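Chemist: Mind looking at a prediction? Sequence and model below.
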Amino acid sequence: MTAIALDSHEHDHPSGIRRWLTTTNHKDIGTLYLCFSFAMFLFAGALAMLVRTELFEPGLQFFQPNLFNQLTTMHGLIMIFGAIMPAFVGFANWQIPLMIGAPDMAFPRLNNWSFWLLPMAALLLLGSFLVPGGAVAGGWTMYPPLYIQGGIGYDMTIFAIHIMGLSSIIGSINIITTILNLRAPGMIMMKIPMFVWTWLITAYLLVAVMPVLASAVTMLLTDRHFGTHFFNAAGGGDPVMFQHIFWFFGHPEVYIMILPAFGILSTIIPTFSRKPLFGYHSMVYATASIAILSFVVWAHHMFTVGMPAAGQLFFMYTTMLIAVPTGVKVFNWIATMWQGAISFETPMLFSVAVICLFTIGGFSGLVLAVVPVDIQLQDTYYVVAHFHYVLFSGAAMSIMAGVYYWLPKWTGHMYNETLGQWHFWLTAIAFNITFFPMHFTGLAGMPRRVPDYALQFAEFNMISSIGAFVLGASQLLFLYIVVKCIRGGMPAGEKPWDGADTLEWTLPSPVPYHTFETAPVIR
Amino acid sequence: MKKLPPQAVILSLLTGQAQAALNFNLQSPVTPIAHQIYNLHTLILLVCLLIFFVVFGFMFYALFKHRKSTGHQASHFHQNFRLEVIWTLIPFLILIGIAIPTTKTVLAMKNVEHSDMNIKVTGHQWMWEYEYLGEGVRYVSNLGTPRDQIDNKVVKGAHYLLEVDRPLVVPTGKKVRILLTSADVIHSWWLPQFGVKQDAIPGFIHEAWFQVEKPGTYRGQCAELCGVGHGFMPIVVEALPPEQYDDWLKTQKISLAETSSTSSKTYTLAELTMHGEKVYLSRCAACHQANGQGIAGMFPPLIDGAPFSAGAGVTTPLAERGFWKDGKVVLGSKERHLDILMNGITGTAMQPMAAQLSDFDIAAVVSYERNSWGNKTGDTIQPAEVAALRKGVAK
């Protein structure tokens, strides 16, 4: 009887919207994640355009401070929880089963649910713009007591974060189980591709810290409505305790957004260097050490709250220590390219740029780790420059690299290489025009999260705004390239990249709906 | 501010004409700590640049020489134990080299002992309050930039957004300890040229110190997002030679005695609303807006009959005081009005203003609010009434 039921299930392929609502196929769900994240990326990017429009010149021209603060806050929240994180989960869904020779994810129905939670959360988050008082305006870090002052939009954001956290936790458990249990025979842990390793470690980080964030925002909720005083000194609480809890989540969160990016780079660079990844073992150990260290550095986000010298020094030393494993990664990538036979297709161009630009973000991170210098630069545009160098040119550009790299496999068509290279150069150049000057405005003393600024910052802000508009417009080109590639193009063949050596390239392109029903054997 | 087309900006950058106006680095330090910070930053920047050029020198060499298009054949090595140990250890040693001088500066910054004077700094939404401990001098420092400059109606001044009505005045050469706290949300007192940035946290007092080397006017801003006025609460410190500072302190004490005598005078409604408008625009308009309309869902309008809905946390205390009914703002009694202004509403952004404003300010601003934007009560409140209420508070 079971066999009969399974058979009929095989042939039951709902089409249209029902296919996407009910799908348990890892490829469909991966596609859903990627489309969702791209929509959020464009929306949050549009918010950034509005921010840069207001900051084009000194004075208030377009938005009053209340709306301006909503724009910056929602830009941050949506980019992190709506764009970057779901994009990596999309890659995980598509690639992990293909790279380890598994037929699907371990829990296909949970997988469906973990995706469909996200649009609900997005609805709450975006809907908060329309309620009285507007969306959250207290910064994505949600510090009380400011957060306590807001309207109902703040509660909607708290629930949105709960839902997104739930989605992340379910997704992560699924990923961990898949990697640990569904590997093809012969694929021992020290043989799994680097991308899968980085996601395994990331998934553990997510399971560890998303509940911490959930508890922090729940305490905000009860402080707002149920008379508790977790973060109110007048009732025996402490506003700084929120910051400790938040950043205990927040710093691992930073690595949640960068480790899978490292995994993508470690896949693309060997392919286009036509040479195996240098130092696979040390790469695994470096990723694990970064993840472990990420739990003991959180208070470097809080050097100005007035902690004792011993606290400042401890968190400074641990933060500096992270430079060591991160450096190992960069050295390994360069050693991979060394003596290779390098070619520069779009994924490789993005990857090389990420190494360069991410390293700039790493260096500014080192500058910020040094407590006395951080005291000057905390909450200035220097910090804005720093985290955009790691999050845009680190995470977002790695995602773009990954999309160009795997798009032929997913769609069966090659993307347009000329347009891809145009997209790369526009993005890389506009990104630097936007964010490099922010190092200078920050050093010179411009605080972040201000709708208006003193006259000496005018020139650099105008340059940043011009760069931002070009950067924003370039992403529409990306959308065009991807849609064009999905609709048609040169057939990609089984293995369009001659240097690639992971399992997905042994399958036809586009990948069949069901793959590896019989597990491949790894020698 | 005159409009520059973008091409002109880029051109002026290229030709170097704008060099004098553009700041690429930290502001020039004027305290021993700020000097140390400046030098530390330079040191780390140079170390980073050096590593960057060496490491990416290798990468770009490979990108040019080991290209497939030049016919380079890929070799197949993929590990080298000795190399990997070396490039783990070298960064470690460089970091220790940076950590040593940094640790010294951190300990110096945290050493607040043996201060010559103490000033308590309180952050408010959105102004700073300074209290010279033991001197009896206390005042509030507000943004000095007129609203019309922010709204682009008039030309912006040289110190746009970095000017205040009353700066903090300190003597040069003395170790000044500041004690920071906040009355509402978290603020951060930041003066770049002093190398001081310390969060002001409600319910807690934190310390910082500075010793200014030369007289001058120094400007900074609040550095922690604190609501809609965050960009509009600058910090200005005037450092005077010690003798001049002593004179200044004396005049402060005299003028303090004078203001307390204005309480006995009687004013006309016109006089009251004229002064009241000034107080309102500098202290109340950030939330309740210059036109008295407030901000929907957050800050109530002050106009009789204006619709307003918000969370129960805001509307319930208003209703209890007779200022809100059935989704509309009601203009309650003047006694309650004075009560809200002087004592604030606990748990909301409305803070007690009794300690920050003089009797005349309070009388004037309440008179103004009750006779503006369509409110026509005709109430005139005299400073003496406020003074009487204060005595009641003291009881």
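Modeler: Thanks, I have it.
Chemist: Can you name the residues in contact with the helix or strand that contains A:Glu253?
Modeler: Assigned by DSSP states H and E, A:Glu253 belongs to helix A:239-256. By CB atoms under 8 Å, 6 or more residues apart in numbering or on different chains, the residues outside helix A:239-256 that reach it are A:80, A:85, A:141-145, A:202, A:205-206, A:208-210, A:212-213, A:215-216, A:219-220, A:230-233, A:290-291, A:294-295, A:297-302, A:305, A:390, B:186, B:201-204. (C-beta placed from N, C-alpha, C; glycine too.)
Chemist: Average pLDDT for that helix, rounded please.
Modeler: The pLDDT scores in helix A:239-256 average 96.
Chemist: cool, and stretch A:274-291?
Modeler: Per-residue scores along stretch A:274-291 average to 94.
Chemist: buried sites along it?
Modeler: For stretch A:274-291, a neighbour-count test (16 or more other CB atoms under 10 Å in any protein chain shown) marks A:274-280, A:282-284, A:286-291 as buried.
Chemist: Check the burial of the residue lying closest to A:Phe295 once chain neighbours are set aside by counting its neighbours.
Modeler: Leaving out its chain neighbours, the residue that sits closest to A:Phe295 by CB to CB, 6 or more residues apart in numbering or on different chains is A:Pro252, at 6.3 Å. Number of residues near A:Pro252 (other CB atoms under 10 Å in any protein chain shown) recorded here: 28.
Chemist: Just want the phi and psi numbers for the residue in chain A positioned nearest to chain B.
Modeler: Nearest residue of chain A to chain B: A:Ala233, at 2.0 Å (CB to the nearest CB). Note on A:Ala233: its backbone torsions stand at phi -60, psi -30 [degrees, to the nearest 10].
Chemist: now swap in B:Tyr218 and tell me
Modeler: phi -120, psi 140.
Chemist: surely it meets B:Val196?
Modeler: No - using CB atoms under 8 Å, B:Tyr218 is not in contact with B:Val196; the gap is 10.3 Å.
Chemist: Name the residue in the two with the higher neighbour count.
Modeler: B:Val196 (25 against 22).
Chemist: which residues sit in contact with that one?
Modeler: A:375, B:31, B:33, B:178, B:189-190, B:208-210.
Chemist: how close does it get to A:His244?
Modeler: For B:Val196, the distance to A:His244 equals 23 Å [CB to CB, to the nearest Å].
Chemist: Against A:Pro144, how distant is the residue in chain B that chain A sits nearest to?
Modeler: The nearest approach of chain B to chain A comes at B:Gly203, 2.0 Å away (CB to the nearest CB). Distance, B:Gly203 to A:Pro144, by CB to CB: 11 Å.
Chemist: who has more neighbours, these two?
Modeler: A:Pro144 (27 against 17).
Chemist: show me what contacts the closest residue to B:Ile150 other than its chain neighbours?
Modeler: Leaving aside its sequence neighbours, B:Ile150 sits nearest to A:Leu60 (CB to CB, 6+ apart; 5.5 Å). Counting by CB under 8 Å, 6+ apart, A:Leu60 touches A:54, A:451-452, B:150-152.
Chemist: Could you grab the helix/strand/coil label for A:Gly327?
Modeler: The three-state label given to A:Gly327 by DSSP: H, G, I helix; E, B strand; the rest coil is helix.
Chemist: Next, the nearest residue to it once chain neighbours are set aside: phi, psi?
Modeler: With sequence-adjacent residues excluded and distances taken as CB to CB, 6+ apart, A:Gly327 is closest to B:Pro91, at 4.7 Å. When read as degrees, to the nearest 10, the backbone of B:Pro91 gives phi -60, psi -40.
Chemist: Chain A: strands as residue ranges?
Modeler: With strands called from DSSP state E, chain A shows none.
Chemist: any weak-confidence spans in it?
Modeler: For chain A, applying pLDDT under 70 flags the ranges A:1-12.
Chemist: and if we set it to 90?
Modeler: A:1-18, A:132-133, A:148-151, A:227, A:234-235, A:489, A:493, A:519, A:521-523 (pLDDT under 90).
Chemist: Go ahead and flag the most central residue of it.
Modeler: Central residue of chain A (CA atoms, centre = their mean): A:Ile84, 3.0 Å from the mean position.
Chemist: Which secondary structure element is home to the residue nearest to B:Tyr132 when sequence neighbours are not counted?
Modeler: Nearest non-adjacent residue to B:Tyr132, counting by CB to CB, 6+ apart: B:Ile119, 5.8 Å away. Assigned by DSSP H and E, B:Ile119 falls within strand B:117-124.
Chemist: next one: B:Tyr61
Modeler: B:Tyr61 belongs to helix B:32-65, assigned by DSSP H and E.
Chemist: List only buried entries from the contacts of helix A:239-256.
Modeler: Buried among those by 16+ other CB under 10 Å: A:80, A:85, A:141-145, A:202, A:205-206, A:208-210, A:212-213, A:216, A:219-220, A:230-233, A:290-291, A:294, A:297-302, A:305, A:390, B:186, B:201-204.
Chemist: Please flag which of those sit within helices.
Modeler: A:85, A:202, A:205-206, A:208-210, A:212-213, A:216, A:219-220, A:290-291, A:390 (DSSP state H).
Chemist: Correct me if wrong: B:Arg370 contacts B:Ala363.
Modeler: No - here B:Arg370 does not reach B:Ala363: they are 11.1 Å apart, not a contact under CB under 8 Å.
Chemist: Contacts only, for B:Arg67.
Modeler: Applying CB under 8 Å, 6+ apart, the residues near B:Arg67 are A:341-343.
Chemist: Of these, which is the nearest to A:Gly394?
Modeler: A:Ile342 (21.3 Å; CB to CB).
Chemist: which bits of the stretch 201-350 of chain B sit near chain A?
Modeler: B:201-204, B:206-207, B:220-232, B:295-298, B:309-311, B:313, B:348-349 (CB under 8 Å from any CB of the partner chain).
Chemist: Can you tell me which of the residues you listed are buried?
Modeler: Members of these classed as buried by 16+ other CB under 10 Å are B:201-204, B:206, B:220-232, B:295-298, B:309-311, B:348-349.
Chemist: Among the buried residues of stretch A:274-291, pick out the one closest to A:Ile161, please.
Modeler: Once CB to CB is applied, the member of these that ends up nearest A:Ile161 is A:Ala291, at 22.2 Å.
Chemist: What separation is there between A:Met210 and A:Ala519?
Modeler: 31 Å.
Chemist: nope, A:His26 is what I meant
Modeler: 15 Å.
Chemist: quick one, which of the two is more surrounded?
Modeler: A:His26 (25 against 16).
Chemist: Tell me where the model's unsure across the stretch 251-395 of chain B.
Modeler: In the stretch 251-395 of chain B (pLDDT under 90), the answer is B:251-366, B:369-395.
Chemist: got the residue ranges for the helices in it?
Modeler: B:269-283, B:285-288, B:312-320, B:334-343, B:359-369, B:383-394 (DSSP state H, counting those that start in this stretch).
Chemist: Pull the shortest one out as CSV, backbone CA atoms only.
Modeler: Included here for helix B:285-288 are C-alpha records, laid out as CSV according to Å, rounded to 0.1, in the frame of the first residue of the first chain:
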residue,chain,number,x,y,z
ALA,B,285,8.7,71.7,18.5
ALA,B,286,10.9,68.7,17.9
CYS,B,287,8.1,66.5,19.0
HIS,B,288,4.9,68.6,18.9
